[in-house]
Structure formats: C-alpha cells, structure tokens
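# here's my sequence, what's the structure:
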Amino acid sequence: MRKFKEINPSPRTLMTPGPVEADPRVLRAMSAHILGQFDPEFTELMNETMEMERYVFQTKNRQTYLVDTTSRGGLETVLTGAICPGDKVLIPAFGRFGYLLAEILERCGADITLLEKEWGTVFDPQEVEDALKKDSYKAVACIHGETSTSMMQPLKEIGEICERYGVLLIVDAVATLGGTEVKVDDWKLSACISGTQKCISAPSGSALITYNEQIEQIVKARKRVEKGIRTADDVAGQLAGIPSNYLDLGQLEDYWSPRRLNHHTEATSMQYAVHEALRCIVEETLEARFARHQLNDRALTAGLQAMGLTIFGDLEHKMPVVTAINIPEGVDGKAIRGMMLNEFGIEIATSFGPLDGKILRIGNMGYSSQKRNILILLGALEAVMKRNGVKVSTGEAVNAAMDVYENAAKKQEA
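Below is the predicted model:
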C-alpha cells in the first residue's frame, strides 16, 4: 500500500460565515483522555455543559442540551420532534436557510406556508401577524441570522405575537448564538437551535438546543422507548411517534436526564470541545463578547466603505457577525475569493441562489473576531481588489478601521 501523508493543514485565517477558527483552548481540550459516557466525571461535565448552555441561550429551560450532530441535524431534531405530520407551520423566509426549514418540515409531513421576502431585507412583525390572522398554525419557524444575506431578523415582537396567537416559535440561531443577543426567555422563543462552528468557536459536530415545557409535552406525547431497554413504566405516547431514532427528542431527553438511559455512544471529544468553548464564553461574559463582535463589525464596515466598496442589504438589520459586500461590476467574485485564499491564506465566502456571483460574505465570528484579523483582512482585500482592476482608495481601509479602534479605546479610558 502507498504511504499517506500525516495530516498537516495549511494555516488559514477563517473569515467566513462558518466554519471559523476554533479557540486553541478548545482544541487542547479535545486531546484529553477519553472517558466512558457513564463515568461520573463525564456525566458531571454533561451537567455543567447544560448549565453553561442555559447562560448562553439566556433561558431557564430544563431541556437544554447537546445533540451529537451538526447544526443542520439539530434543526431536524427539534423540528421533527415538535412538529407532527399534518401540523401547519408558517415559515417567513428571507434567504437560503428559511427554505431549508421548509425542506426539513416537508419531509416529515408538515403542512408548510412560506412567506417570502426579497433577499437583503427582513420581515416587519406585522407581516407575520397578518399571516397568522388568515389561518390556524401550530408553529412559526424562522431564521434569526440569515448568513446567506447577512440579515438579522428582530424576534422580540414576533415572539409576543406568537404567544398571543398560541403558536410555537422555533428559531434557528445557528449563526448568532454566542456573537450577539439571543434571549430565549425574554423573546418568548419556544425552541432555539444553534451549532458549534460559528460564534461558539468549536469544530462542527454538535448542535446546541433548548425548548420549553410546551414542546416538552409534545415530545412526551410522541415518546417511544426502544424495546430492548424499555421498562414497564415506559408507556408509548398518544401522538404519532418521532420518525427518527437517532434524532429522537424523547430518547435524547432520557439520555441527558439523571436517568442516563442508553441511546447513542457520546462523542466524548466533542463534548470536551463544547464544554470548553462554553466555559470560554462564560469567562469572557456575554456582555463583553457581544461588545467585541460589535466593535470589530464597526471597524470592518468602516474599512470596507473607506475602501470604496458598498455593503449589501438593509444596513439597519445587518448581522454584527456577517458582512456582505457587493462585488464591483465586471469583477469575478470567485477570483477575489481564490486570491485571498491562495496569496494571503484568508478564506471568505461567496453566496447562493439569486446572490451567487453578486456578493462576497465576510464572517466576524467567535475566536476569529479579532482586531488583528480585521486589519489583515482589509489590507489583503485592498491588494486583491487592485490586482483585479478595482479602483480602491489605497490605504484608507486599514486607517478607517484603526480610527474605530482608537476612538473606542479613548471612550473606554474616559
């Protein structure tokens, strides 16, 4: 057999909307000794993970834990557990990932109604309420931070509307949790799902989920325990069972509860990773973390505009953790992205669907959200734009960003 090379990836600065760089402390934690999944040391780590998750989600929900899957798997876990076949669900879609929610729910037999909005905008809460007046829905499922467009949907008023109409509100916060406010309880979110590869700053491979007592009761009514491990007390619920065994909320609840009912073999090293990533967030504090992302976003935006580039979309609702820029006319966006990667080792992203070839997307997430990264990216992007024939204001981008940082430092000192 031929020899294979040791894994030794090239150094990269990941400034995409995900994945982003994992905190080095997280990578170190992943190299720790493997524990058995029912070892008391390990189950205590699981308990601590749940406690720290509640802090980051800003919730008191009992059902707040991890699923050993990517963020997409987390969405599927919650949606297929909370929504039964035939349930009517309203989906306000303003980008690619709103359509993903519809794709997942259609596959589990839900009755979907799509509200569609031009990419680069968000919904007025009144539009959601007007739709709820027209029909009876079990749930509204929506995206908080739509990375395909860089837009962020305000949720507080929509949460209040859903509560008035007795409708569940299930939210994809994959791109926002840990980088900007996600107030599960205050915003009256019935369920919220996130991932690890964005603002949490761990490798992809775990989904963070939380849901309230209302959804917990739905799960109880759909519960089925595997025949090989059930007891006489495990009585099947009255509603249709959850179609997936692996992504079964009822069985996952038992796995994470004091019962520790065997389900799957825990991804031990990923558990270490998420625990350490959450510990780092707790140590920094949410307030300081959000302020860091906001400052770096202001610096990045100022630099891009000083360079002569334009920001895509409704700036009032731009995500603080993703910035999209319009690709100058006559320029190949893939060539820009390729040169950034090949010449500078910096990865940024293009987009999808109607925005393919029209915008470039820059992430400002988690561990990657650093002053150094912002300044290096701006300098590199200026050079790449010039090499591709774009007229830019030479030297202005980095200076504008540095002005933002210096002004912030002066205010802090005052």
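# what segments of the stretch 101-250 of the chain are strands?
With strands called from DSSP state E, counting those that start in this stretch, the stretch 101-250 of the chain shows them at 111-116, 139-143, 145-146, 151-152, 168-172, 191-195, 207-211.
# closest to Thr69 out of the ones you listed?
Closest approach to Thr69 among the strands of the stretch 101-250 of the chain (C-beta to C-beta): strand 207-211, 5.4 Å. C-beta coordinates here come from the backbone N, C-alpha and C atoms, glycine included.
# mind listing residues that contact stretch 268-288?
With contact meaning C-beta atoms under 8 Å, 6 or more residues apart in numbering, stretch 268-288 is reached by 22-23, 25-30, 32, 34-35, 37, 42, 45-46, 48-49, 52-53, 55-56, 58, 66, 68, 178, 196, 200-203, 205-206, 208, 289, 292.
# ugh, wrong one, I meant stretch 102-115
By C-beta under 8 Å, 6+ apart, the surrounding residues in contact with stretch 102-115 are 75-76, 79-80, 83-93, 98-99, 123, 127-128, 131, 135, 137, 141, 243.
# ok, stretch 346-363 next?
So stretch 346-363 is contacted by 12-18, 20, 96, 119-120, 147-150, 198, 300, 312, 321-327, 333-334, 336-337, 340-341, 376-377, 380 (C-beta under 8 Å, 6+ apart).
# of the residues you listed, grab the buried ones for ChimeraX.
Selecting only the buried entries of those in ChimeraX, with 16 or more other C-beta atoms under 10 Å as the criterion:
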select :13,14,15,16,17,18,20,96,119,120,147,148,149,150,198,300,312,321,322,323,324,325,327,333,336,337,340,376,377,380
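# flag every buried residue along stretch 175-190.
Neighbour counts over stretch 175-190 (16+ other C-beta under 10 Å) mark 175-182, 184, 187-190 as buried.
# what does stretch 222-239 give?
222-225, 237.
# go on, stretch 34-47?
Buried-residue list, stretch 34-47, by 16+ other C-beta under 10 Å: 35, 37, 42-43, 45-46.
# same check on stretch 351-368?
Buried residues in stretch 351-368 (16+ other C-beta under 10 Å): 351-352, 355, 358-368.
# show me how far the lengthiest helix in the chain is from its chain's centre.
Counting by DSSP state H, the longest helix found in the chain is helix 286-307. Centre-to-centre, helix 286-307 and its host chain are 18 Å apart (C-alpha atoms, centre = their mean, to the nearest Å).
# can I get the CA coordinates of that helix in PDB?
These are the backbone C-alpha positions of helix 286-307, laid out as PDB (Å, rounded to 0.1, in the frame of the first residue of the first chain):
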ATOM      1  CA  LEU A 286     -21.800  37.700  27.200                       C
ATOM      2  CA  GLU A 287     -21.700  41.400  27.600                       C
ATOM      3  CA  ALA A 288     -18.000  41.700  26.800                       C
ATOM      4  CA  ARG A 289     -18.300  39.100  24.000                       C
ATOM      5  CA  PHE A 290     -21.100  41.000  22.200                       C
ATOM      6  CA  ALA A 291     -19.300  44.300  22.600                       C
ATOM      7  CA  ARG A 292     -16.200  42.700  21.000                       C
ATOM      8  CA  HIS A 293     -18.200  41.500  18.000                       C
ATOM      9  CA  GLN A 294     -19.900  44.800  17.600                       C
ATOM     10  CA  LEU A 295     -16.600  46.800  17.800                       C
ATOM     11  CA  ASN A 296     -15.000  44.500  15.200                       C
ATOM     12  CA  ASP A 297     -18.100  44.800  13.000                       C
ATOM     13  CA  ARG A 298     -17.900  48.600  13.100                       C
ATOM     14  CA  ALA A 299     -14.200  48.600  12.200                       C
ATOM     15  CA  LEU A 300     -14.700  46.100   9.400                       C
ATOM     16  CA  THR A 301     -17.700  48.100   7.900                       C
ATOM     17  CA  ALA A 302     -15.800  51.400   8.200                       C
ATOM     18  CA  GLY A 303     -12.800  49.900   6.500                       C
ATOM     19  CA  LEU A 304     -14.800  48.400   3.600                       C
ATOM     20  CA  GLN A 305     -16.700  51.600   3.000                       C
ATOM     21  CA  ALA A 306     -13.500  53.700   3.100                       C
ATOM     22  CA  MET A 307     -12.000  51.400   0.500                       C
END
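# which strands or helices does the next helix or strand after it pack on?
Downstream of helix 286-307, the first helix or strand assigned by DSSP states H and E is strand 322-326. Under the contact definition 3 or more C-beta pairs under 8 Å, 6 or more residues apart in numbering; DSSP states H and E, strand 322-326 sits against helix 286-307, strand 359-363.
# switch to 10 Å and redo it
Judged by 3 or more C-beta pairs under 10 Å, 6 or more residues apart in numbering; DSSP states H and E, strand 322-326 is in contact with strand 151-152, helix 286-307, helix 333-344, strand 359-363.
# and it with strand 359-363, angle?
Strand 322-326 and strand 359-363 are oriented at 160 degrees to each other (axes from the mean of the first three to the mean of the last three C-alpha atoms, to 10 degrees).
# returning to what we had before: name the nearest of the buried residues of stretch 34-47 relative to Val390.
Of all these, Val390 sits closest to Leu45, with 49.9 Å by C-beta to C-beta.
# if we can go back for a sec, any of the contacts of stretch 268-288 buried? List them.
The neighbour-count test (16+ other C-beta under 10 Å) marks 22-23, 26, 29-30, 35, 37, 42, 45-46, 49, 52-53, 56, 58, 66, 68, 178, 196, 200-203, 205-206, 208, 289, 292 as buried among the contacts of stretch 268-288.
# next step: these restricted to helices.
Applying DSSP H to those, the entries found in helices are 26, 29-30, 42, 45-46, 49, 52-53, 56, 289, 292.
# which one of those residues is nearest Glu396?
Proximity of these to Glu396 (C-beta to C-beta) peaks at Arg292, which lies at 24.0 Å.
# what is the burial count for the nearest residue to Ala175 once chain neighbours are set aside?
Nearest residue to Ala175 in three dimensions, chain neighbours excluded: Gly145, at 3.9 Å (C-beta to C-beta, 6 or more residues apart in numbering). By other C-beta atoms under 10 Å, 29 other residues sit near Gly145.
# quick check: bridge partners of Gly145?
Under DSSP bridges, the beta-bridge partners of Gly145 are Met152.
# what sits against the residue nearest to Phe42 when sequence neighbours are not counted?
Closest residue to Phe42 in three dimensions, ignoring its sequence neighbours and counting by C-beta to C-beta, 6+ apart: Leu35, at 4.2 Å. Counting by C-beta atoms under 10 Å, 6 or more residues apart in numbering, Leu35 touches 41-43, 45, 266, 268, 271-272.
# I appreciate the help and will end here.
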